[in-house]
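Peer 1: Fold the following, please.
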Amino acid sequence: MHALSIIADSPDAIQPIGRQIARVFNARLFSRTTVAAAPTSQYAFVDIDLANRSDFSELNRWINRLPKDRIVVFAVDDGARRQTMQAGALGATTVITRPVSGKTLLGKLIGDVGSLVADIAALPVDQSHGVAAGTEALQSIFASAGLGKTIDQAGVSKASEAVVAQIETDGLTQWVETVRIHHSQTYQHCLLVTGVAAAFACHLGFSRPDRNRLALAGLLHDVGKAKIPIVILEKPGPLDEGEMAVMRQHPELGFSALQSLKGLAPEILDVVLHHHEYLNGSGYPHGLRADDLSDLVRIMTIADIFGALIERRPYRDPLSGPAAYKVMQKMGPRLDPDIMRAFSPLAQKQN
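Peer 2: Numbering: from 1, shown residues only. Take a look at the predicted model:
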């Protein structure tokens, strides 16, 4: 959890924003008169009356003590050019117009992916603890990657265990029906792939640690999408050639985000980097062939493709499991035939 200092004339009035961003930031509220006591964190949000002729020197000194890579967001009135100039003089790195929502503030603090991190669908999570845990883990993953911070590996591992537990109890069909409700294409896809990978591991009789490992790979496999512009990531239609070229950068971006994470198994990094590779060398980013692709990568590639085919998109209905499997069969030498045969019974059961 990342620290955020909020400086406001009325801390009570700003509390709703604090609650909205609580999944990403540990926000602490301070008034202008107590700003000297605020921690010197990298992230700050200031919502004060800049028209008030009070002395702002203490606030300015506090901002100057913040780290050099600080992000300081000031709230200003829409069209108030003088307030924007004054905010800049006090040390603002960017401004946001009132009324301020948690979603727009996250966008300023994290960048483009902030709107995705703040996107929480009305999923029926009361009876879907694995879906809830998976969704929260994805928000944490995308937030940390967007901020360039270390991902909470322990938290994501715990979420992967919750996913496996729900799949074991309820099965893949119920998981798919629940996840398809999610209006974010990115979250829906990641959750579907994670569920498919976990269900396949159960179907193959994998041990509990190996089931959890596959679910962990599913949650992390698209982490690089945190660096893809949201207009491409959540586009309500097919991507054009230029957009697809940008999207195809996500495996390498994901690898870069995770490679310094201590304790992360090398095979998970391999999945993140190579889940779009094919056995005949026609995949990306490196055009690897069969001898260079591990069994875990081959499994996750099949789970990724199947998840994409059965997900609901604005421009097409989801395919049934049998229909999706037929599409995959036509991919021939690109996919592992033995794993495809083993995957068939699971695919045929999905509506």
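
Peer 1: Nearest residue to the middle of the chain?
Peer 2: The centre of the chain sits closest to F142, judged by Cα atoms, centre = their mean, with a distance of 3.0 Å.

Peer 1: And that residue, how close does it get to G114?
Peer 2: Counting by Cβ to Cβ, to the nearest Å, the gap from F142 to G114 is 9 Å. The C-beta positions use only the backbone N, C-alpha and C, and glycine is treated the same way.

Peer 1: coming back round to it: three-state assignment of the residue nearest to the centre of the chain?
Peer 2: Classification of F142 into helix, strand or coil gives helix, according to DSSP: H, G, I helix; E, B strand; the rest coil.

Peer 1: That one contacts D112, correct?
Peer 2: No. The pair F142 / D112 is not scored as a contact, 10.6 Å apart, by Cβ atoms under 8 Å.

Peer 1: one step back: wait, what's in contact with the residue nearest to the centre of the chain?
Peer 2: With contacts defined as Cβ atoms under 8 Å, 6 or more residues apart in numbering, the neighbours of F142 are 113, 116-117, 186, 223, 225-226.

Peer 1: Looking at those residues, spot the one nearest K235.
Peer 2: Taking Cβ to Cβ as the measure, T186 is the one of the contacts of F142 closest to K235, at 10.7 Å.

Peer 1: about what we covered before: how about the nearest residue to the residue nearest to the centre of the chain, chain neighbours excluded?
Peer 2: Across the structure, with Cβ to Cβ, 6 or more residues apart in numbering as the measure, the residue nearest F142 apart from its sequence neighbours is A226 (4.6 Å).

Peer 1: do V271 as well
Peer 2: Nearest residue to V271, sequence neighbours excluded (Cβ to Cβ, 6+ apart): A217, at 4.4 Å.

Peer 1: and if you look at L172?
Peer 2: Residue nearest to L172 in three dimensions, not counting chain neighbours: A199, with 3.8 Å by Cβ to Cβ, 6+ apart.

Peer 1: Over to the one you found. Which of the three states is it?
Peer 2: With three-state DSSP as the basis, A199 sits in helix.

Peer 1: who touches it in this structure?
Peer 2: Per Cβ under 8 Å, 6+ apart, neighbours of A199: 167, 171-172, 175, 346.

Peer 1: Repeat that for L216.
Peer 2: Neighbouring residues of L216 by Cβ under 8 Å, 6+ apart: 156-157, 160, 268.

Peer 1: State the number of residues packed around Q20.
Peer 2: In terms of burial, Q20 registers 20 neighbours under the definition other Cβ atoms under 10 Å.

Peer 1: for R19, that is, sorry about that
Peer 2: Using other Cβ under 10 Å, R19 has 10 other residues around it.

Peer 1: okay, the residue lying closest to it once chain neighbours are set aside: pLDDT?
Peer 2: Counting by Cβ to Cβ, 6+ apart, the nearest residue to R19 once its immediate chain neighbours are dropped is G102, at 7.6 Å. At G102, the predicted lDDT confidence score is 84.
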